[in-house]
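Trainee: here are the coordinates; sequence isn't available:
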């Protein structure tokens with residue numbers, strides 16, 4: 001082979017070796033790469049199948065639940081459960097005849113879970129459409145807080161709850177609660193009292209119930225789903241309603257600052273009715289916070305004026321130093337310590353004891369007190385409970401005020417009702433002792449029998465003194481300032497009191513506190529009635545600023561309307577005229 005031919009053969013081998021793709025041995029080398037691609041494709045297809053299967057299961061579950069909800073009974077809009085399913089928190093309060101004065105009703109309260117609120121601004125705007133009086137800024141701050149629970153509004157109505165549910169706000173919920181309801185509204189507000197938003201008693205007999213241990217049990221969770229035994233009061237709702245009507249009418253008529261009254265059983269000490277006006281609706285207690293919360297009957301003290309002459313006269317008679325047949329010189333004023341004591345309507349003559357009582361003589365009363373003495377005077381008023389805090393269930397009881405040191409001038413002014421301030425309620429309680437035979441009975445707002453009252457009573461005056469006082473009350477009811485309280489057939493007797501009020505440290509003749517203390521039937525009293533009217537304003541010259549023309553007519557209206565309900569039968573003569581019982 002020539003040299004040229006050898007060169008061509010060598011080139012041909014070299015070219016075949018360097019080409020790569022055309023070499024038969026390369027087919028076996030590519031096989032592993034093709035297997036990897038195939039395996040990866042199979043894995044991808046498997047994963048897709050698994051994902052599809054998972055979504056299919058989820059959708060099937062959701063679809064099944066939707067079908068289940070579709071066939072289920074519709075849920076009630078309100079979450080307020082049945083009363084039996086809620087824990088009994090407070091007992092019902094009833095009057096003496098079983099009428100409901102206070103009870104629990106079912107309600108719900110609105111709360112928020114701030115961490116679940118999506119848009120606080122929108123939530124506030126939506127809630128305001130149902131609760132327009134919301135404090136938007138306060139609610140917004142609660143919804144934006146870092147806490148997990150916030151009260152938004154307590155004690156909603158079912159309609160409010162339904163409307164809020166329709167808004168569909170996430171993070172908003174309801175909790176069932178109890179709400180205290182008072183069917184009579186303001187009728188007996190100062191006696192029954194009210195509760196706070198947590199259903200805890202904070203005034204009146206509601207507070208007394210908590211003080212008996214209910215609040216302590218609730219605080220440690222020892223409540224029961226069993227219905228609690230009702231608490232029955234001595235109050236007669238019928239008489240209570242009459243008393244309030246009369247008090248409200250008198251306050252409007254005389255444009256006074258306040259007025260009030262009480263009806264008490266003289267044999268048991270039970271309070272049948274008690275009203276202080278202005279008052280308030282315990283269903284909305286905040287509305288009466290300025291004036292209505294003040295219970296002037298038991299938690300306000302006043303100089304009771306000439307009603308105190310009843311106690312001074314009883315003291316003088318009981319001491320044995322004075323008799324009904326005695327007389328005292330009332331011709332000249334008494335001058336002592338720079339003060340002059342005179343009579344408002346002086347007769348300027350010697351007056352018998354019944355005349356001193358009838359004409360309400362300051363001079364004659366002061367002389368009887370002076371005859372008894374300062375120490376005996378103070379002791380007697382203390383014995384009648386007029387200088388100490390009266391014991392009773394009602395929490396709102398104020399302590400009377402008296403001079404730190406009793407001097408002669410103090411004893412004289414106190415004898416006709418100036419210088420000592422007491423509550424109208426304890427004045428009525430002491431007045432009952434004057435006419436019931438001489439027994440001071442602790443007042444009660446709970447039912448009490450005569451036998452039980454005997455254990456809570458103390459003899460403070462002689463039976464003969466009580467008989468003399470009944471005579472004087474009756475005498476004044478016929479001939480004196482109590483004539484406007486008379487009710488035909490019921491023998492009403494009593495004593496007026498017109499006291500000048502202290503304004504800026506001085507007694508004012510233009511501002512009076514008028515009261516009338518009465519008993520009926522006065523021959524054998526069953527009830528005491530006391531009324532007062534604070535600063536009556538009347539047309540000039542009509543005399544209505546006097547107790548005989550303002551407080552006494554209130555007693556007339558109360559007795560004439562309530563006596564038949566209390567079982568007191570009128571006494572009439574054969575000719576149909578009212579029968580006056582003689583002594």
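Mentor: Perfect, thanks for sending it. Quantities reported herein were computed from a predicted structural model and do not represent experimental measurements.
Trainee: going by C-alpha atoms from here, please, whenever you check contacts or count neighbours.
Mentor: Fine.
Trainee: now the strands: where do they sit in the stretch 351-500 of the chain?
Mentor: 439-441, 457-459, 493-503 (DSSP state E, counting those that start in this stretch).
Trainee: partner strands of the second one, with direction?
Mentor: Spelled out, that is strand 457-459. Using DSSP bridges, strand 457-459 pairs in its sheet with strand 439-441 (antiparallel).
Trainee: contacts for the strand it pairs with next, please.
Mentor: 266-269, 384, 429-430, 432-433, 453-454, 456-461 (CA atoms under 8 Å, 6 or more residues apart in numbering).
Trainee: next one: stretch 241-250
Mentor: 187-188, 259-262, 273-275, 277, 533, 550, 554, 557-558, 561-562.
Trainee: inside strands: which ones of those?
Mentor: If you go by DSSP state E, these have 259, 260, 261, 262, 273, 274, 275, 277, 533 in strands.
Trainee: any of those residues buried? List them.
Mentor: Buried subset of the ones in strands among the contacts of stretch 241-250 (neighbour count, 16 or more other CA atoms under 10 Å): 259, 260, 261, 262, 273, 274, 275, 277, 533.
Trainee: of these, closest to residue 100?
Mentor: Closest approach between these and residue 100, by CA to CA: residue 273, at 15.2 Å.
Trainee: for that closest one, give me its contacts.
Mentor: Going by CA under 8 Å, 6+ apart, residue 273 touches 235, 236, 237, 239, 240, 243, 262, 263, 264.
Trainee: before we move on, what about residue 382?
Mentor: residue 388.
Trainee: now the contacts of strand 439-441: which count as buried?
Mentor: 266-269, 384, 429-430, 432-433, 453-454, 456-458, 460-461.
Trainee: okay, now the unreliable bits of the stretch 1-150 of the chain?
Mentor: 1-35, 37, 69-88 (pLDDT under 70).
Trainee: same thing but 50
Mentor: Within the stretch 1-150 of the chain, the ranges that satisfy pLDDT under 50 run 1-28, 74-87.
Trainee: as a check, name the ranges of all helices in it.
Mentor: In the stretch 1-150 of the chain, the helices defined using DSSP state H, counting those that start in this stretch lie at 3-19, 26-71, 120-130, 136-143.
Trainee: other SSEs contacting the shortest one?
Mentor: Here helix 136-143 touches helix 120-130, strand 150-156, going by 3 or more CA pairs under 8 Å, 6 or more residues apart in numbering; DSSP states H and E.
Trainee: buried residues of the shortest one, list them for me.
Mentor: The one in question is strand 150-156. Buried, per 16+ other CA under 10 Å, within strand 150-156: 150, 151, 152, 154, 155, 156.
Trainee: looking at those residues, which is nearest residue 496?
Mentor: residue 155 (47.4 Å).
Trainee: for that closest one, which non-adjacent residue is closest in space?
Mentor: residue 109 (4.8 Å; CA to CA, 6 or more residues apart in numbering).
Trainee: now residue 274
Mentor: That would be residue 262: by CA to CA, 6+ apart, it lies 4.3 Å from residue 274.
Trainee: how close does that neighbour sit to residue 530?
Mentor: Noted for residue 262: a distance of 5 Å to residue 530, by CA to CA, to the nearest Å.
Trainee: returning to that earlier point: quick check: bridge partners of the residue nearest to residue 155?
Mentor: Here residue 109, judged by DSSP bridges, has bridge partners residue 175.
Trainee: and for it, the neighbour number?
Mentor: When neighbours are counted by other CA atoms under 10 Å, residue 109 registers 19.
Trainee: can you tell me the helix or strand for residue 322?
Mentor: Taking DSSP states H and E as the definition, one finds residue 322 inside no helix or strand.
Trainee: show me what contacts the residue nearest to it when sequence neighbours are not counted?
Mentor: Computed as CA to CA, 6+ apart, the closest residue to residue 322 that is not its neighbour in sequence is residue 316, at 5.5 Å. Residues near residue 316 by CA under 8 Å, 6+ apart: 322, 368, 369, 371, 372.
Trainee: 7 Å - rerun?
Mentor: 322, 368, 369, 372 (CA atoms under 7 Å, 6 or more residues apart in numbering).
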